[in-house]
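Asks: pasting the sequence and the predicted coordinates here, then a few questions.
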Amino acid sequence: MAKPSSNYIGRLAPSPTGYLHLGHARTFWLAAERTRQAGGRLLLRFDDLDRDRCRPEFVAAARADLAWLGLQWEEPAIVQSDRLTLYRQTLAQLHALRLIFPCEHSRRDVREATGAPHEDDDEPVYPKAFRPAADAPLPPLGEVIHTNWRFRVPDDETLTFEDGNLGRQSAMSGRDFGDFLVWRRDNLPSYQLACVADDIAVGITEVVRGADLIRSTFRQLLLFRALGQTPPRFYHCDLMRDEQGRRLAKRHDALSLRAMSAQGVTPTDMIRTFTASP
Ligand code: GLU
């Protein structure tokens, strides 16, 4: 990999829950391309906190598929399941700031959290009526966590950011999204908390990911602010859809990189389609 000539630090963050498909390939290729153009460094992070769905063979497959596509990144990769101490410290910071609260209401609570919430499975807006009063006594976190903890979002604040691909984005906290999970009652961090803790810890300067995570970006902006950190820039890639207009998902087996490669598609063919439709 070329020696970095700038402070740009980008990342590839696959979730090893299945084989990478064409949509992932385009996002990751764009992330690598933006890093290359900026003369920066590219890190690889495995978002493997969803213990039920992540499997070691998908880690190996993602590495092989990204290499097949011609991408290069820095080793060693960041593995989220090895970093629980960092996430727990981040949670303690939020707790000391009294920005989180324990939540006994379990509306689909466990389903919601360790995986990144894509378009069709985003967290529901948390009802304000469920919130404890801001000045209610805050219980300690405890060594092992048995309840969900949520971040208290500001009421009706309009948040904006300038997206590198999609331009100005805005959303209102409390209306477009509500108090979101930061820690789950099975004692694991949520995607939002783990992602921000890692992006801060390794100094990511630009996050390139799918546009279905824009709502999560607003949540994460609140976490960066709460933790006193400048957020990275964001570049959300347009989503790839199938003929029915559905977001490509890991169930689209025919569009997995392995299946396409077995059918004779080369990385060069594939990249040509990405540059034709940015
Ligand atoms: N691992 C996440 C996903 O599969 C990506 C999260 C991110 O880029 O922040 O969607």
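Replies: Received it, and whenever you're ready, just let me know what you need.
Asks: name the SS class of Leu43, please.
Replies: For Leu43, the secondary structure call by DSSP: H, G, I helix; E, B strand; the rest coil comes out as strand.
Asks: that one against Ala31, yeah?
Replies: No. When contacts are counted by C-beta atoms under 8 Å, Leu43 is not listed as touching Ala31 (10.0 Å). For glycine as for every other residue, the C-beta is placed from the backbone atoms N, C-alpha and C.
Asks: list the residues that contact both of the two?
Replies: Both Leu43 and Ala31 are in contact with 10-12, where contact means C-beta atoms under 8 Å, 6 or more residues apart in numbering.
Asks: low pLDDT regions in this structure?
Replies: 1-2, 106-114, 119-120, 249-251, 277-278 (pLDDT under 70).
Asks: near the ligand, which residues of it?
Replies: Proximity of the chain to the ligand, by C-beta under 6 Å from any ligand atom, involves residues 13-15, 47, 116, 195, 209.
Asks: ok, 5 Å please
Replies: With the criterion set to C-beta under 5 Å from any ligand atom, the chain comes near the ligand through 13, 15, 47, 116, 195, 209.
Asks: my guess is the fourth one contacts Tyr191, does it?
Replies: In other words, Ala116. Yes. Taking contacts as C-beta under 8 Å, Ala116 lies within contact range of Tyr191: 4.8 Å.
Asks: overlap in contacts of those two?
Replies: With C-beta under 8 Å, 6+ apart, Ala116 and Tyr191 have common neighbours 47, 216.
Asks: of these two, which one has the most company?
Replies: Taking other C-beta atoms under 10 Å, Ala116 and Tyr191 do not tie; Tyr191 has more neighbours (27 against 21).
Asks: wait, a helix at Gly23?
Replies: Yes. Under three-state DSSP, Gly23 falls within a helix.
Asks: going forward can the numbers begin at 18, since that is how I track them
Replies: Happy to do that; since the first residue is 18 now, the last one works out to Gly40.
Asks: on that earlier part again, restricted to strands, list the shared contacts of Leu60 and Ala48.
Replies: Counted as lying in strands by DSSP state E, out of the shared contacts of Leu60 and Ala48, are 27-29.
Asks: going by neighbour count, which of these comes out on top?
Replies: The residue in those with the most neighbours, by other C-beta under 10 Å, is Arg28 (26 neighbours).
Asks: now for the nearest residue to that residue once chain neighbours are set aside, how many residues are close by?
Replies: Ranked by C-beta to C-beta, 6 or more residues apart in numbering and with sequence neighbours excluded, the top spatial neighbour of Arg28 is Leu60, at 4.6 Å. Leu60 has 22 neighbours, counted by other C-beta under 10 Å.
Asks: can you give me every residue that contacts the nearest residue to Asp216 once chain neighbours are set aside?
Replies: Spatially, and ignoring its direct neighbours in sequence, Asp216 is nearest to Pro249 (6.0 Å; C-beta to C-beta, 6+ apart). By C-beta under 8 Å, 6+ apart, the contact list for Pro249 reads 216, 221-224.
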